[in-house]
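Q: Take this sequence and fold it.
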Amino acid sequence: MTSFTHNKTYDVIVSQKFLTKDDKVLLIDDFLANGNAMKGLIEIVKMANAKLVGAGIVIEKGFQEGGAQLRAAGVHLESLAIVDDMDETTGKITFRKQ
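A: Numbers count the residues shown, from 1 in each chain. From the prediction side, this is the model:
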């Protein structure tokens with residue numbers, strides 16, 4: 001998986017004995033930008049033939065495409081806060097009304 005925040009690729013490995021076709025998985029992450037980390041985790045769930053029931057994010061960067069792509073792919077995605085804009089000059093952050 002490639003982390004947008006750290007601009008680094010990480011290997012994630014899950015033993016088959018811990019994730020099986022009988023499992024229902026809810027993925028939780030802190031930030032969502034381009035969605036690469038979440039897409040990688042979803043791929044692991046699919047490879048195990050487990051069922052993805054949804055994903056939860058603390059802060060979604062709504063001005064980047066990750067959330068929209070995951071929703072378009074049919075992922076049930078919930079975010080506690082969606083940031084639509086951040087102004088580096090003023091420090092103002094604009095949140096999406098939900």
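Q: Assess the claim that F95 and M86 are in contact.
A: No. Counting by CB atoms under 8 Å, F95 stays clear of M86, with 10.2 Å between them. In short, each C-beta sits where N, CA and C put it, glycine included.
Q: What's the mean pLDDT across stretch 63-74?
A: Stretch 63-74 shows a mean pLDDT of 97.
Q: end to end, how far does it reach?
A: 20 Å (CA to CA, to the nearest Å).
Q: what's next to it, contact-wise?
A: With CB atoms under 8 Å, 6 or more residues apart in numbering as the test, stretch 63-74 has contacts from 4, 32-36, 38-39, 42, 55, 57, 60-61, 77, 79, 82-86.
Q: So which of those sit within strands?
A: The members of the contacts of stretch 63-74 that map onto strands under DSSP state E are L32, A55, I57, E60, K61, L77, S79, I82, V83, D84, D85, M86.
Q: Quick check: of the residues you listed, which lies closest to D22?
A: Proximity of the ones in strands among the contacts of stretch 63-74 to D22 (CB to CB) peaks at A55, which lies at 19.8 Å.
Q: Filter the contacts of stretch 63-74 down to the buried ones, PyMOL style.
A: Only the buried entries of these go into this PyMOL selection, using 16 or more other CB atoms under 10 Å:
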select buried, resi 4+32+33+34+35+36+38+39+42+55+57+60+61+77+79+82+83
